[in-house]
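Q: Coordinates only, no sequence provided:
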């Protein structure tokens with residue numbers, strides 16, 4: 001499953017508990033559009049290839065102190081397609097080695113990122129004696145984008161609507177895939193996704209809404225029952241255990257620089273919620289880090305509930321039945 005970028009996770013979580021400023025709103029819209037385009041490309045490739053071709057999505061690599069982010073790698077035959085997904089809007093022209101958007105020259109090359117990523121990947125493979133040709137592919141997902149490439153670029157540039165047919169042709173022309181262990185050789189260079197230097201703890205002038213948030217409508221007025229919580233706005237019910245775990249994850253996203261401490265989480269939840277039950281949930285689901293009483297804390301992965309507890313999906317689906325238990 002492709003993950004949302006950390007920036008998108010952070011901004012969506014922040015939006016649920018305070019007002020975003022104009023810059024944050026623009027960032028969030030851009031992140032959401034970009035993520036939607038990436039999911040569209042994923043879906044198209046899955047539908048065409050039926051998961052019969054080696055693929056790697058959304059990884060960060062560091063080689064020789066240089067960091068790159070890869071949207072998608074897809075092997076078809078003996079070629080590896082490096083796919084960079086763009087959600088650009090406007091009329092783009094490439095001529096005389098320069099990009100123009102709506103008639104104005106850009107200060108950067110749209111090819112810059114994919115060229116750099118290609119070069120780093122090629123160096124990794126060369127160092128590990130992996131013999132595979134890398135084909136650079138740019139996919140523009142905004143249906144209103146207009147492209148005018150007037151000279152040879154060394155990059156395959158596609159609209160989303162014709163990318164599908166192009167991949168189908170590639171698959172039909174490739175009788176079978178050559179066994180090349182390229183994924184294995186990328187593993188040592190993989191790193192966690194990029195995060196900014198500061199988390200919400202530096203936002204001294206902004207306040208967050210405390211409490212447990214309804215995952216259905218975003219409301220905070222929840223009626224507490226013994227085994228579940230009911231939203232008074234939309235009537236959605238969630239198991240009490242899931243609600244606490246999800247809220248701890250929300251705190252982790254916003255305060256990703258910090259470990260999880262009981263006192264901070266009690267403040268985040270607010271006085272309406274049980275501190276003793278919070279401690280029980282932390283002990284059950286989160287990894288403790290220190291055992292001295294004043295330093296006792298739990299590991300903070302700083303990611304959304306769906307990713308943090310993706311490996312426990314069956315457990316949390318099963319306890320959903322608790323919403324039918326008596327009060």
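A: Yep, that arrived. Quick caveat, the model's predicted, so the values are computed rather than measured.

Q: contacts and neighbour counts: CA atoms only from here.
A: Fine.

Q: least trustworthy helix or strand in the protein by mean pLDDT?
A: Using mean pLDDT, DSSP states H and E, the weakest-scoring helix or strand in the chain turns out to be strand 288-290, at a mean of 85.

Q: partners of that one, with directions?
A: With DSSP bridges as the test, strand 288-290 is paired with strand 297-298 (antiparallel).

Q: tell me how far the strand it pairs with is from the chain's mean position?
A: Chain-centre distance of strand 297-298: 25 Å, with C-alpha atoms, centre = their mean, to the nearest Å.

Q: about what we covered before: in the least confident helix or strand of the chain, what counts as buried?
A: Using 16 or more other C-alpha atoms under 10 Å as the burial criterion, the residues of strand 288-290 that qualify are residue 288.

Q: Give me the pLDDT for residue 208.
A: Looking at residue 208, its pLDDT reads 97.

Q: Now it: phi and psi?
A: Per-residue torsions, residue 208: phi -100, psi 140 (degrees, to the nearest 10).

Q: Pretty sure it sits against residue 17.
A: Yes - Residue 208 lies in contact with residue 17 (C-alpha atoms under 8 Å); the separation is 5.2 Å.

Q: With neighbour numbers in mind, choose between the two.
A: More crowded of residue 208 and residue 17, by other C-alpha atoms under 10 Å: residue 17, with 18 against 13.

Q: Give the closest residue to residue 71 in space, chain neighbours not counted.
A: Counting by C-alpha to C-alpha, 6 or more residues apart in numbering, residue 71 lies nearest to residue 58, which is 4.6 Å off, once chain neighbours are set aside.

Q: repeat for residue 319
A: Excluding the flanking residues, the one nearest residue 319 by C-alpha to C-alpha, 6+ apart is residue 239, at 6.8 Å.

Q: Would you mind measuring from that neighbour to residue 229?
A: 6 Å (C-alpha to C-alpha, to the nearest Å).

Q: Which neighbours do those two have in common?
A: Residues touching both residue 239 and residue 229 (C-alpha atoms under 8 Å, 6 or more residues apart in numbering) are residue 323.

Q: next SSE after the one helix or strand residue 135 maps to?
A: Residue 135 belongs to strand 133-140 when assigned by DSSP states H and E. Sequence-wise, the next helix or strand downstream of strand 133-140 (DSSP H and E) is strand 146-149.

Q: Partner strands of that following strand and their direction?
A: If you go by DSSP bridges, strand 146-149 pairs up with strand 91-95 (parallel).

Q: ok, and for the biggest strand by length in the chain, which residues are buried?
A: Across the chain, the longest stretch assigned as strand under DSSP state E is strand 66-76. Residues 67-76 are the ones in strand 66-76 that count as buried (16+ other C-alpha under 10 Å).

Q: Listing partners with orientation, what would you give for the helix or strand following that strand?
A: Counting by DSSP H and E, the next helix or strand C-terminal to strand 66-76 is strand 79-86. Using DSSP bridges, strand 79-86 pairs in its sheet with strand 66-76 (antiparallel), strand 133-140 (parallel).

Q: can you redo those strands as TSV with distance to residue 306 and mean pLDDT?
A: Listed next are those as TSV, based on distance: least, C-alpha to C-alpha, whole Å; pLDDT from 0 to 100:
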stretch	distance to residue 306	mean pLDDT
strand 66-76	20	95
strand 133-140	28	97
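
Q: Format the buried residues of strand 66-76 as CSV; extra columns: distance to residue 173.
A: Output for the buried residues of strand 66-76, formatted as CSV (distance: C-alpha to C-alpha, whole Å):
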residue, distance to residue 173
67, 34
68, 31
69, 29
70, 25
71, 24
72, 21
73, 19
74, 15
75, 13
76, 9
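
Q: and residue 235, backbone torsions?
A: For residue 235, the backbone dihedrals are phi 70, psi 10 (criterion: degrees, to the nearest 10).

Q: And it, how far from residue 76?
A: Taking C-alpha to C-alpha as the measure, residue 235 falls 49 Å from residue 76.

Q: what do you get for residue 131?
A: Going from residue 131 to residue 76 by C-alpha to C-alpha gives 14 Å.

Q: One more: residue 241?
A: For residue 241, the distance to residue 76 - C-alpha to C-alpha - is 45 Å.
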